[in-house]
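Peer 1: Just a sequence and a predicted model for now, questions to come.
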Amino acid sequence: MAGPVRGAPVLAARGLVREFRGFRAVDGVDLDVAEGSVHALVGPNGAGKTTLFNLLTGFLKPTAGSVRLGPHELAGRSPEHVARLGLARSFQITSLFAELTPLQHVELALAGRTGLGWRFWRSDKALRRFSGRAAELLEQVGLDGHGTTPAGALAYGRKRALELALALALDPKVLLLDEPTAGMGVEDVDRTVRLIQRVRETGDRALTVVMVEHNMSVVSSLADRVTVLQQGRVLVEGPYAEIRHDPRVVTAYLGDSNAAH
Ligand SMILES: Nc1ncnc2c1ncn2[C@@H]1O[C@H](COP(=O)(O)OP(=O)(O)OP(=O)(O)O)[C@@H](O)[C@H]1O
């Protein structure tokens, strides 16, 4: 295998298959994500990145194969169950409430983790118990100073930062980012790269990150390892510096406009 692997795999897929009416969007994928690493999933349009991502997070059930997070089998479990076991995703759905502030959002996310249900925490007083940790998380994503602005009034990049804080509130072992810089201008892209770097390094242990990302400069800045998919299969896997010049990768991307980003 090319390049150093930083730690034991924390997330491992074996023989993952997902068919849509007989068409194999993911076709026998093995994936090892080392603990504490940033692992990027890349590939031309239609390669199966989103489908694989959805299989890892429980949003899709595999036709065959397994996904393990430490000792836990994830395949077939609901997204909520997968999140509780320590795998959280962010950036996929804008699920913010326009009238609620970032502080309230994060307090609710922290309260939701207690398993006591949302109703229990409906009063402001009950939620205040989480305000210290919520403020810390907002600081971690660079939203200190915006804690009491209604989320609807936040700029796009800040909304994404808030979504990241909501995922971090779950205290995940592995954070999955679905195209974290999609739709962003250069400045927001740079800010998001710095944010992900910072978020990774701030906890008491290095967070493991898996991301689908089209922007190759983002991949080169962040990823320790890269898995290149093509037609539902792993084409190449290794550090960015190695895979970028691999002739199979260059051929796979020829004609794909995303490669130019
Ligand atoms: N729900 C579905 N029903 C039928 N076919 C699907 C479905 N979801 C994905 N596919 C097909 O599976 C293949 C892989 O799609 P997927 O979205 O996973 O690729 P991708 O690598 O994420 O592409 P992109 O970079 O364009 O987002 C494509 O051919 C797509 O048309």
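Peer 2: Done, it's in.

Peer 1: Let me see the contact set for Ser78.
Peer 2: Gly58 (CB atoms under 8 Å, 6 or more residues apart in numbering). For glycine as for every other residue, the C-beta is placed from the backbone atoms N, C-alpha and C.

Peer 1: so what secondary structure elements neighbour the helix or strand containing Val33?
Peer 2: For Val33, the host element (DSSP states H and E) is strand 23-34. Identification of packing neighbours for strand 23-34 by 3 or more CB pairs under 8 Å, 6 or more residues apart in numbering; DSSP states H and E yields strand 9-20, helix 49-56, strand 208-212, strand 225-230, strand 233-238.

Peer 1: can you redo these as TSV with mean neighbour count and mean pLDDT?
Peer 2: What follows is these, written out as TSV (neighbours: other CB atoms under 10 Å; pLDDT from 0 to 100):
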stretch	mean neighbour count	mean pLDDT
strand 9-20	18	96
helix 49-56	24	94
strand 208-212	25	95
strand 225-230	24	96
strand 233-238	18	96
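
Peer 1: For these, could you give me TSV that also reports distance to Glu139?
Peer 2: Formatted as TSV, the helices and strands packed on strand 23-34 follow (distance: least, CB to CB, whole Å):
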stretch	distance to Glu139
strand 9-20	26
helix 49-56	28
strand 208-212	19
strand 225-230	29
strand 233-238	35
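
Peer 1: buried set for the strand holding Val33?
Peer 2: 24-27, 29, 31-34 (16 or more other CB atoms under 10 Å).

Peer 1: Direction included, what does it pair up with?
Peer 2: strand 9-20 (antiparallel) (DSSP bridges).

Peer 1: Let me know the angle separating the helix of greatest length in the chain from strand 208-212.
Peer 2: Ranked by residue count and defined by DSSP state H, the top helix of the chain is helix 186-202. Helix 186-202 runs at 150 degrees relative to strand 208-212, counting by axes from the mean of the first three to the mean of the last three CA atoms, to 10 degrees.

Peer 1: got the angle for the strand holding Val33 vs strand 225-230?
Peer 2: 170 degrees.

Peer 1: Pull the residues that contact strand 23-34.
Peer 2: Taking CB under 8 Å, 6+ apart as the rule, strand 23-34 contacts 5-19, 39, 48, 51-52, 55, 62, 65, 174, 208, 210, 224-225, 227, 229, 231-234.
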